[in-house]
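Asker: Predicted structure and sequence below. I'll ask about it afterward.
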2 protein chains.
Amino acid sequence: MLGKIANAISKSGDIALLPHIAADGDALGSSFALALAISRMGKKVKVLLEEDIPFTYGFLPGIELSGVYQQGDKQYDTVIAVDCGDLGRLGNRADIFEGARITANIDHHPTNTGFAVHNFVDTGSAAAGEIIYKLLGLLKVKVEKDIATCLYVAIATDTGSFRYSNTTSFTHELAAELLKAGVDVAVISQKVFDATSFEKVKLISEAINTLELFENGRIAVMAISNVLIKKSGAKEEECDGIINTARNIRGVEVAAMLRQLDNGEIKVNLRSNLTFDVSAIASLYKGGGHKKAAGYTTAGTLENAKKRLLEDIREVL
Amino acid sequence: MLGKIANAISKSGDIALLPHIAADGDALGSSFALALAISRMGKKVKVLLEEDIPFTYGFLPGIELSGVYQQGDKQYDTVIAVDCGDLGRLGNRADIFEGARITANIDHHPTNTGFAVHNFVDTGSAAAGEIIYKLLGLLKVKVEKDIATCLYVAIATDTGSFRYSNTTSFTHELAAELLKAGVDVAVISQKVFDATSFEKVKLISEAINTLELFENGRIAVMAISNVLIKKSGAKEEECDGIINTARNIRGVEVAAMLRQLDNGEIKVNLRSNLTFDVSAIASLYKGGGHKKAAGYTTAGTLENAKKRLLEDIREVL
């Protein structure tokens, strides 16, 4: 099936690539790598984004081939969804997908709905970037430094720097190839994994100040008011990842971070270290996710939301 | 030369392996991997340590072949220093090294003094673990899961999870081999990189509360009193790595963490992100280190030490 997608690309003159909404390192790196390759083939290509690229990924080569989608933009011959589990993950860009002559879907999520004409879903791939690498082989495009940099960011971010259980020997073999193509590991890693803002660092400190352990350290909870978030000066997106501070404490089985949104609602992130299924808790509140990572939004005060959550967790623990 | 070390092992009946003092993931992982291999060859082998193994590495296979060295312990036929730049890095165990019939030195530090009969120093190796892998090839020992786990910890820790500039395509090719041997990446990574204590998390928050930026954010300084350290309940060794919180802030060129020791002295850690040479600052106080990471100890109050350090940095910046 990947061959059919390669054929479709070879026969098209004008191609759009659509990474998922709130695009991450894999969605962006994979899309830019493929865009650079298609461009090298002498074809017109554009990566259409739902939102502006996050600051962290602003250094990616191929960014000049991208733009934020505006309703009423032109139609494309061939449209390829990248790292998207379903049509909903295209946001407003579902329009452009549905208006295309040929559609394709390159993904690694087990929940993929096969929503395109040509679907290639490989759940054994740690990142969509691994599939794009194989596709570039079929397209006979050389993986030079810029393309390698994009693919490296794709696989490094989706594997948490080769630490998650999705990392395979192929992931490392691919990384070896990408380094041979000249990828600057230290510079990329600093930008993607380490670089942070003073405001986020202050927010981490505020979050830790609210950290409480329950049930002999099996449950860790942080709860941040919108006053504290405002005080830190951190952006909404900078709340991402702070929950890991709680999850990584030895002995913790379930970690939760509650934060008050501007509209007064409480957003809850949940993580599990062992067998505890946090998606079961999230579903009580019509939230979503999977066993190890889930979340939901609820009304009420921060204190009340915490109290109810603790009761829910204790019932299962 | 690595062949000579393999020969020496093959001809010896009783071998001691000496990782450096304050042994880290590479020193321990490399030593345990080699110890397991020598043991599989039907020989007697012991990893002699200067101190107890840190909690983080307590899960390493081969730990049963190790013990803390006691002055007056028996002598060994062949003694191999692992990941040690010079004899000083053996601490009290220099005795046992000097008393051995055959000595060897397996290392990757450019400063290695070649202090053994057989020296193999490969500065192109990201970790001593890479050299041990090649040695196991010469010894014709199969890299099964336990040995692979030790080697994986060696290379993953010395490359900061494949993020530092010492990471090469060989490092990834080796990681691919180790994963094929059954290494459980997610479990190891959680233990080695993520797991932390509630006390350390509290200390991070205290440290961030003292964080100040100077010179338009080019200098970041944290200064923790021994009262705050005590309040957090964190151990001395848990101060390690907290300086990265300051170093990783965008725009920071020099980061410093000052902390008050129990004897009232001030211990200063310095990190540089760009061209600033922090070892030049450390040498003003008879400290040590290299361009990007250095440190020193000084007398006086925390406030005074900070003031003087800021003057020193501003003079160079």
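Answerer: Everything's here; your move. Residues are numbered from 1 along each chain as shown, chains lettered A, B, ... in the order given.
Asker: Pull the residues that contact the helix or strand hosting A:Val47.
Answerer: In this structure, A:Val47 sits in strand A:44-49 according to DSSP states H and E. Contact partners of strand A:44-49, identified using CB atoms under 8 Å, 6 or more residues apart in numbering or on different chains, comprise A:13-19, A:23, A:31-32, A:34-35, A:38-39, A:62, A:65-69, A:73, A:76, A:93, A:96. Every residue, glycine included, has its C-beta placed from N, CA and C.
Asker: Now, the residues you listed that are in helices?
Answerer: Helix and strand membership here follows DSSP state H; of the contacts of strand A:44-49, those in helices are A:31-32, A:34-35, A:38-39, A:96.
Asker: Now which of those residues would you call buried?
Answerer: Buried members of those, scored by 16 or more other CB atoms under 10 Å in any protein chain shown, are A:31-32, A:34-35, A:38-39, A:96.
Asker: Output the lowest mean pLDDT helix or strand found in chain A.
Answerer: Least confident helix or strand of chain A, by mean pLDDT, DSSP states H and E, is strand A:288-290 with a mean of 83.
Asker: mind listing what that strand pairs with, with the direction of each?
Answerer: According to DSSP bridges, strand A:288-290 has the following sheet partners: strand A:293-298 (antiparallel).
Asker: of all the ones in helices among the contacts of strand A:44-49, which two lie farthest apart?
Answerer: Based on CB to CB, the longest span within the ones in helices among the contacts of strand A:44-49 runs between A:Ser39 and A:Ile96 and measures 19.1 Å.
Asker: in its sheet, what does the strand holding A:Val47 sit against?
Answerer: By DSSP bridges, strand A:44-49 pairs with strand A:14-19 (parallel), strand A:66-68 (parallel).
Asker: and the gap between A:Ser165 and A:Thr159?
Answerer: Separation of A:Ser165 from A:Thr159 (CB to CB, to the nearest Å) stands at 9 Å.
Asker: more neighbours, these two?
Answerer: It is A:Thr159, of A:Ser165 and A:Thr159, that has more neighbours when counted by other CB atoms under 10 Å in any protein chain shown, with 27 against 15.
Asker: Show me the helices in the stretch 151-300 of chain A, by range?
Answerer: Shown for the stretch 151-300 of chain A, the helices assigned by DSSP state H, counting those that start in this stretch span residues A:169-180, A:185-189, A:198-209, A:226-232, A:243-247, A:278-284.
Asker: What residues of the last one count as buried?
Answerer: Applying a neighbour-count criterion of 16+ other CB under 10 Å, one finds A:278-279, A:281-282 buried in helix A:278-284.
Asker: again with the second one
Answerer: By neighbour count on 16+ other CB under 10 Å, the buried set for helix A:185-189 is A:185, A:188-189.
Asker: filter the residues you listed by proximity to chain B?
Answerer: Here is what survives when these are matched to chain B using CB under 8 Å from any CB of the partner chain: A:185, A:189.
Asker: which one of the buried residues of helix A:185-189 is nearest chain B?
Answerer: Chain B has its nearest neighbour among the buried residues of helix A:185-189 in A:Ser189, at 3.6 Å by CB to the nearest CB.
Asker: The closest one reaches A:Val153, doesn't it?
Answerer: No. With contacts counted by CB atoms under 8 Å, A:Ser189 stays clear of A:Val153, the gap being 9.7 Å.
Asker: List the contacts of A:Thr167.
Answerer: Residues counted as contacts of A:Thr167 (CB under 8 Å, 6+ apart) are A:126, A:159, B:179, B:185-186.
Asker: can you rerun that using 10 Å?
Answerer: A:126-127, A:155, A:158-161, A:175, B:175, B:179, B:183, B:185-186, B:189 (CB atoms under 10 Å, 6 or more residues apart in numbering or on different chains).
Asker: Pull out the buried members of the residues you listed.
Answerer: For the contacts of A:Thr167, buried by 16+ other CB under 10 Å: A:126-127, A:155, A:158-161, A:175, B:175, B:179, B:183, B:185, B:189.
Asker: Next, the residue nearest to A:Phe162 when sequence neighbours are not counted: phi, psi?
Answerer: Nearest residue to A:Phe162 in three dimensions, chain neighbours excluded: B:Phe162, at 5.2 Å (CB to CB, 6 or more residues apart in numbering or on different chains). Note on B:Phe162: backbone dihedrals following degrees, to the nearest 10 are phi 70, psi 30.
Asker: Quickly list what A:Leu270 is bridged to.
Answerer: A:Ala256, A:Ala294.
Asker: you'd agree it is up against A:Leu284?
Answerer: No. Using CB atoms under 10 Å, A:Leu270 is not in contact with A:Leu284, being 11.1 Å away.
Asker: In terms of pLDDT, where does the nearest residue to A:Gly233 once chain neighbours are set aside sit?
Answerer: Computed as CB to CB, 6+ apart, the closest residue to A:Gly233 that is not its neighbour in sequence is A:Glu199, at 4.0 Å. Looking at A:Glu199, its pLDDT stands at 96.
Asker: what sits against A:Glu199?
Answerer: A:229, A:231-235, A:238, B:249.
Asker: what sits against the residue nearest to A:Phe162?
Answerer: Contacts of B:Phe162 by CB under 10 Å, 6+ apart are A:156, A:159, A:161-163, A:172, A:175, A:179, A:185, A:189, B:126, B:155-156, B:168, B:171-172, B:175.
Asker: if we go to 8 Å?
Answerer: A:156, A:161-162, A:175, A:185, B:156, B:171-172, B:175 are the contacts of B:Phe162 under CB under 8 Å, 6+ apart.
Asker: re earlier: restrict the buried ones among the ones in helices among the contacts of strand A:44-49 to contacts with chain B.
Answerer: Within these, nothing lies near chain B by CB under 8 Å from any CB.
Asker: okay, those in JSON lines with distance to B:Glu311 next?
Answerer: Formatted as JSON lines, those follow (distance: CB to CB, whole Å):
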{"residue": "A:Ser31", "distance to B:Glu311": "49"}
{"residue": "A:Phe32", "distance to B:Glu311": "45"}
{"residue": "A:Leu34", "distance to B:Glu311": "52"}
{"residue": "A:Ala35", "distance to B:Glu311": "50"}
{"residue": "A:Ile38", "distance to B:Glu311": "55"}
{"residue": "A:Ser39", "distance to B:Glu311": "52"}
{"residue": "A:Ile96", "distance to B:Glu311": "59"}
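Asker: List just the nearest of the residues you listed to chain B.
Answerer: Within the set of those, A:Phe32 lies nearest chain B; the separation is 20.8 Å, counting by CB to the nearest CB.
Asker: In terms of helix, strand or coil, where does the nearest residue to A:Pro110 once chain neighbours are set aside fall?
Answerer: Nearest non-adjacent residue to A:Pro110, counting by CB to CB, 6+ apart: A:Thr123, 4.7 Å away. At A:Thr123 the chain is in coil, as set by DSSP: H, G, I helix; E, B strand; the rest coil.
Asker: Report how many residues lie close to A:Thr123.
Answerer: By the criterion of other CB under 10 Å, A:Thr123 has 11 neighbours.
Asker: residues touching it, list them.
Answerer: A:Thr123 touches A:108-110, counting by CB under 8 Å, 6+ apart.
Asker: Among those residues, which one is most surrounded by other residues?
Answerer: Taking other CB under 10 Å as the neighbour criterion, A:His108 ranks highest of the contacts of A:Thr123 with 23 neighbours.
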